[in-house]
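Participant: Sharing a model that was predicted from the sequence below.
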Number of protein chains: 2
Amino acid sequence: MKILFAGAGAMGARFGALLHRSGNDIVFADGWQAHRDAINEHGLKMIIDGVDEGFVHIPAVSPKQVEGTFDLVFVFTKAMHLDPMMQDIQHVITDTTRVICLLNGLGNVEVIERYVPKENIFLGVTVWTSGLGGPGIVDAVGTGAIELQQVHQIPSLFNERLLETLNQAGLNVIYSDDVKQSIWNKVALNSVLNTYCTLIDCNVAEYGHYENNRILTELVVDEVIAVANAEGIVLDKDALVSKIEAVYDPQKAGNHYPSLYQDMAAGRKTEIDYLNGAIARLGTKHGIATPVCLAITHMIHAKESVKKTHR
Amino acid sequence: MKILFAGAGAMGARFGALLHRSGNDIVFADGWQAHRDAINEHGLKMIIDGVDEGFVHIPAVSPKQVEGTFDLVFVFTKAMHLDPMMQDIQHVITDTTRVICLLNGLGNVEVIERYVPKENIFLGVTVWTSGLGGPGIVDAVGTGAIELQQVHQIPSLFNERLLETLNQAGLNVIYSDDVKQSIWNKVALNSVLNTYCTLIDCNVAEYGHYENNRILTELVVDEVIAVANAEGIVLDKDALVSKIEAVYDPQKAGNHYPSLYQDMAAGRKTEIDYLNGAIARLGTKHGIATPVCLAITHMIHAKESVKKTHR
C-alpha cells in the first residue's frame, strides 16, 4: 500500500517504520526540518526497547510539498495541529484516499470531515506509545494495539485489505463496532490525569497517593459522563474510575508525567481544548453544567500564557 | 490596657509594637522559640518603610506559659493554628477578657466561641500588612485600617475604650455594623487570587493578564455568593469582581505572590480549608453545589501532600 504519514513525530515515525518493513511504500510529511533532514540524510534510526535496530529509509518532505496519491493517510499530529496539516496536504487527497486518525481528544473527525468524505475516514484509539531521541531517532518501548472503526460503516474490500496490511506490520489492530466509547473513555482518563498532574505538579503515582484523589477524579468524570450521555455515548463510571486508578501503580505508568504536563514544561501549547475544553464546549451545546472542566481548561490556558511570558 | 498577642508573627508583632509605644502593657505568646529568644534578648527590631526604628522591648513567652489576666487578647495565628492556640492560652481567659480576631477565612469565630463568651468577641477585617525579616525583626511597609464589630452587639463602656486605645496606637479602626460582609468579600477575593495563582503558578498581575481570567474569577465568585446568600450575607457581584480586578495593577499588589502561594512554596500547610474549603463545606450544609471550590480545595491539598513527600 502507498501510505502517507501526515505528521512523522514519535508515533508516526514508529508506525511508518513498521509498515515500511512489512513491504509498504511510505512517505513522511512533517513540518520539523531538522527531523526531515536527519531522516533524508541517514535514515530514521530505530531504538526499540533499548536495542539499536539500525536505520529505515523513508523519504521525508514538508507537508505542502507532498506529491502523488496515496491509498492511506495516517494523521499523527497533536490535535491542535490537525487542521493546518489537513490544509497543507489536501492537494493529495482524492476520492479514494482513506484517512486513519488515532489522535487523542474530541473533535478530530469533525476537522478531517472538512477535507475527506466521511466514508473514507477511520477513527481509532491506540495504546501504542513512542518517543523521539532527537531529530531522526525513534526511541520507544513495548508494543501496543489499535481499536479501529470506519466512521460511516460501509463494508468494502478495502477495509479487509487495510486490516491485513496493518496487522502484517505487527500493529495489532482489531476492528471495533464502538470505537467512540473507547475514545471517550480515553478522553475521560486524560481529562483527569493529564490536567490534575499538571496543575498539582506531580506524576501519576503521586496523584494516586493523594488520599482524596477520588473526589477530584469524580468531579471530572461525572461531567464527562453527563456530556457523553447527551452525545449518545454510554460510559460505565465504575469501570472508568477503576481504569484510571489502575494507572497509579508505579510498576505501570505511575512514575510517568502525562503528555500535557510535558508539553507545558517544554513551553508547548497543550491539547486541553480537545480534552476538558471539548467537554465544556459540548456541555454548553447540550445545556449541561461543566464548571470543573471549564475551570481546569482556563487554568491550563492561563498557565500556558504565563509560561509564554516567562520565556 | 493589658494586651496579650496570641501569635506574634509578622502582624501580631507589628500591632504589638504600635500598642506598646502608645502606652499599653503588652505580652507576646508565640510558639516559635528562636523568635521569642531574639525578642527577649535584644528586643523586637522594627523596620518600617525601610527605616530602622530601633528596638521595642516586649516580653515573649510560649503560649502555655502565659501568666496573669488581660483586658484584651489579639489572636494572630494562621487559621489552622487558632484552635491549638486557644487551647494553650485558655487558662488566662476570664469572663471579662475581650478577644479580637482579624484572621482571614471563615469559621474562626466558631473556634473562639468554644473558649470565649460570644459577647466578648470582636471580629474584624484589616488591610494592614506586615512581614518578618527573620526572628525578632518586623520588616513592614505602609499603613492600614481595621473594620471591627462586636459579634454580639452589646454597647458597653469597654467598647469605646477599646476603639480609643487602638486608634491612639494609630491602627485606624472604624466600628462596623456589617463586618461579616467585609469578611466574606475578603474570603471571595482570597478564594480567587490565592488559589488560582498557586495552581497556575503566577503572581496576581500575571493572573490579571490572562485574557479569560474573568471566567475563572466568576466560577469561584458565583459559588461564594450563592453560599453567602444561604448564610444570610448579601454580596454585590459587580463590586466584588471590580475589587478583585483592581488588585491586578502592578502599581498596587499585582507583582505580589499571595500568602497561600508563599505558604505552599515554603512547604507550609495552607489556609485553603478556611477559604474555598469552607465554601464547599457550607455548600454541602445548604445543599448548594460548589464543584469548583471543591476541586480547587483538593488540588491544593494534593499539592501540599506532594510537597511534603518531596521534602
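Facilitator: Everything's here; your move. Residues are numbered from 1 along each chain as shown, chains lettered A, B, ... in the order given.
Participant: what packs against the strand or helix carrying A:Leu4?
Facilitator: Following DSSP states H and E, one finds A:Leu4 within strand A:2-6. Counting contacts by 3 or more C-beta pairs under 8 Å, 6 or more residues apart in numbering or on different chains; DSSP states H and E, strand A:2-6 is packed against helix A:10-21, strand A:25-29, strand A:72-75, helix A:82-89. Bear in mind the C-beta positions are built from the backbone N, C-alpha and C, glycine included.
Participant: mind redoing it with 6 Å?
Facilitator: helix A:10-21, strand A:25-29, strand A:72-75 (3 or more C-beta pairs under 6 Å, 6 or more residues apart in numbering or on different chains; DSSP states H and E).
Participant: Next, work out how far apart A:Pro135 and A:Pro59 are.
Facilitator: According to C-beta to C-beta, to the nearest Å, A:Pro135 stands 16 Å off from A:Pro59.
Participant: Just want the angle from the strand holding A:Leu4 to helix A:10-21.
Facilitator: Computed by axes from the mean of the first three to the mean of the last three C-alpha atoms, to 10 degrees, the angle separating strand A:2-6 from helix A:10-21 equals 170 degrees.
Participant: got the buried residues for strand A:2-6?
Facilitator: Of the residues in strand A:2-6, those with enough neighbours to count as buried (16 or more other C-beta atoms under 10 Å in any protein chain shown) are A:3-6.
Participant: Out of these, which comes closest to chain B?
Facilitator: Lowest distance from chain B to the buried residues of strand A:2-6 (C-beta to the nearest C-beta) belongs to A:Ala6, with 31.0 Å.
Participant: Give the bridge partners for the closest one, please.
Facilitator: Counting by DSSP bridges, A:Ala6 forms beta bridges with A:Ala29, A:Val75.
Participant: How about the contacts made by it?
Facilitator: A:29, A:73, A:75, A:85, A:89 (C-beta atoms under 6 Å, 6 or more residues apart in numbering or on different chains).
Participant: let's go with 7 Å and repeat that
Facilitator: A:29, A:63, A:73-77, A:85, A:89 (C-beta atoms under 7 Å, 6 or more residues apart in numbering or on different chains).
Participant: Now pLDDT, distance to A:Glu110 and neighbour count too, for these, in TSV please.
Facilitator: As requested, those are exported to TSV (pLDDT from 0 to 100; distance: C-beta to C-beta, whole Å; neighbours: other C-beta atoms under 10 Å in any protein chain shown):
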residue	pLDDT	distance to A:Glu110	neighbour count
A:Ala29	98	22	26
A:Pro63	98	20	22
A:Val73	98	17	30
A:Phe74	98	18	24
A:Val75	98	13	25
A:Phe76	97	18	28
A:Thr77	96	15	23
A:Met85	98	15	22
A:Ile89	98	18	23
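Participant: Redo the residues you listed as TSV? Include distance to A:Ile183.
Facilitator: Listed next are the contacts of A:Ala6 as TSV, based on distance: C-beta to C-beta, whole Å:
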residue	distance to A:Ile183
A:Ala29	24
A:Pro63	25
A:Val73	19
A:Phe74	17
A:Val75	14
A:Phe76	16
A:Thr77	17
A:Met85	19
A:Ile89	23
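Participant: Determine the three-state secondary structure at the residue lying farthest from the centre of chain A.
Facilitator: Centroid-distance maximum for chain A: A:Glu211 at 30.3 Å, with C-alpha atoms, centre = their mean. Under DSSP: H, G, I helix; E, B strand; the rest coil, A:Glu211 falls in the coil class.
Participant: gap between it and chain B?
Facilitator: With distances taken as C-beta to the nearest C-beta, to the nearest Å, A:Glu211 is found 7 Å from chain B.
Participant: How about A:Ile279?
Facilitator: From A:Ile279 to chain B the distance is 13 Å (C-beta to the nearest C-beta).
Participant: Same check on A:Ala228?
Facilitator: Applying C-beta to the nearest C-beta to A:Ala228 and chain B gives a distance of 18 Å.
Participant: same deal with A:Lys285?
Facilitator: Applying C-beta to the nearest C-beta to A:Lys285 and chain B gives a distance of 17 Å.
Participant: what about that residue, which helix or strand?
Facilitator: helix A:276-286.
Participant: what element comes up after that helix heading to the C-terminus?
Facilitator: Downstream of helix A:276-286 (by DSSP H and E), the next one is helix A:291-310.
Participant: Can you point out the buried residues in that following helix?
Facilitator: Neighbour-count burial for helix A:291-310, counted by 16+ other C-beta under 10 Å, picks out A:291-307.
Participant: Break down the stretch 51-200 of chain A into its helices, ranges please.
Facilitator: A:82-89, A:108-112, A:157-168, A:179-200 (DSSP state H, counting those that start in this stretch).
Participant: what's the most buried one of these?
Facilitator: Compared across the helices of the stretch 51-200 of chain A, helix A:179-200 shows the largest average neighbour count, a mean of 23 (mean count of other C-beta atoms under 10 Å in any protein chain shown).
Participant: Would you mind splitting chain A into its domains for me?
Facilitator: A:2-177, A:180-305 (the TED database).
Participant: Ok, which of those domains comes nearest B:Tyr261?
Facilitator: Taking C-beta to C-beta, domain A:180-305 is the member of the domains of chain A nearest to B:Tyr261, at 12.6 Å.
Participant: so how far is the closest one off the chain centroid?
Facilitator: 15 Å (C-alpha atoms, centre = their mean, to the nearest Å).
Participant: From the structure, what's the count of residues near the residue nearest to A:Gln153 when sequence neighbours are not counted?
Facilitator: Computed as C-beta to C-beta, 6 or more residues apart in numbering or on different chains, the closest residue to A:Gln153 that is not its neighbour in sequence is A:Asp177, at 7.9 Å. As a burial measure, A:Asp177 scores 8 neighbours (other C-beta atoms under 10 Å in any protein chain shown).
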